[in-house]
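**Q** With the input below, show me the fold.
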Amino acid sequence: MPPLTRSAARAAKGDVEALALRASVAHKRDAVWEHRSTDLYTGRGRKETPLSQVDHCLEVQLGEYALVRAYEGVGGRPGTMATAQAHEQLRNALNAVANLNVTTRTINVWKMGPTKAALNRLHSDSLRDVTLEQLARQGRAKPLVDDGTWARIERAIVNSYDTTSVALDGAPALAGAAKLTNYTLDELACVLERLGVYDA
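**A** Residues are numbered from 1 along each chain as shown. Here you go, the predicted structure:
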C-alpha cells in the first residue's frame, strides 16, 4: 500500500493502512485521454500536451486529511469491515478516471505546492486560513493564476468533488461504512470551503 502522506500519518497516530488513499494512476493515461480528450486545465489535446502526467484533480492528500478527521469524529476502529469498506470505496473513487486529468509535468508540479502549503496550514491551529488561489499566487504557480489556468484547476476540483460525492452516495455499503464515507465527504467539503474552492 502506498505510504500515507506525512500530515495524514501524523493525524492517524499509527493506523496508516486504514487511511492511505493514494493508488498509482500513471497506467490510466490512455483511459483518461479517452474520457476527457483535452487537458481540463489548459483545454489542449493530447498532441499539444508534451511530457504529460496523470494528475488527481481533487488531491488525494485532501481526501486523506478529511478521512482522518472523519475517522476521529465517528470513532472509527481499525480492522472492522465498515472501516475497510469505506476505505476501499473512497480509495477507488479518488483514483477513478473521473477524478483524473492528464496535464503537463510543470502544471502538475506547480499545482502540488499550494496544496501542500494548504495542508500545513490546516494542521496548524496558529495559522489563519488562506485560499488555495492566494497560496498559488504567492508561489511558483503564480503564472497559472495570471493566465486563468488556476481558475480551471479549481473548477476541476469542484467538479471532481461533486462527481465523487454522487458516486459514493449511490454505492451500497454497510451502515458504519456509509457513515464514515459521508462524514469524510462532509469534512472534505469543509476543507474545500476553507480553501476558497467550494461553496458548501
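**Q** Give me the residue ranges of the chain where confidence is low.
**A** Scanning the chain for pLDDT under 70 picks out the ranges 1-18, 200.
**Q** Run through the strands of it in chain order.
**A** Using DSSP state E, the strands of the chain run over 52-56, 100-104.
**Q** Please identify the most buried of these.
**A** Of all the strands of the chain, strand 100-104 carries the top mean neighbour count, a mean of 24, counting by mean count of other CB atoms under 10 Å. Quick note: C-beta positions are derived from backbone N, CA and C, even for glycine.
**Q** Residue 126: which of the strands of the chain is closest?
**A** strand 52-56 (28.7 Å; CB to CB).
**Q** looking at the strands of the chain, which is closest to residue 112?
**A** Here strand 52-56 is closest among the strands of the chain (CB to CB), at 8.8 Å.
**Q** Show me what the closest one is packed up against.
**A** Under the contact definition 3 or more CB pairs under 8 Å, 6 or more residues apart in numbering; DSSP states H and E, strand 52-56 sits against helix 29-36, strand 100-104, helix 105-122.
**Q** can you redo those as a markdown table with distance to residue 171?
**A** What follows is those, written out as a markdown table (distance: least, CB to CB, whole Å):
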| stretch | distance to residue 171 |
| --- | --- |
| helix 29-36 | 20 |
| strand 100-104 | 19 |
| helix 105-122 | 26 |
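**Q** Find the one among these with the highest mean neighbour count.
**A** With neighbours taken as mean count of other CB under 10 Å, those reach their highest mean count in strand 100-104, at a mean of 24.
**Q** Show residues contacting that strand.
**A** 25, 28-29, 32-33, 35-36, 39-42, 46, 49-57, 156 (CB atoms under 8 Å, 6 or more residues apart in numbering).
**Q** partners of that strand, with directions?
**A** If you go by DSSP bridges, strand 100-104 pairs up with strand 52-56 (antiparallel).
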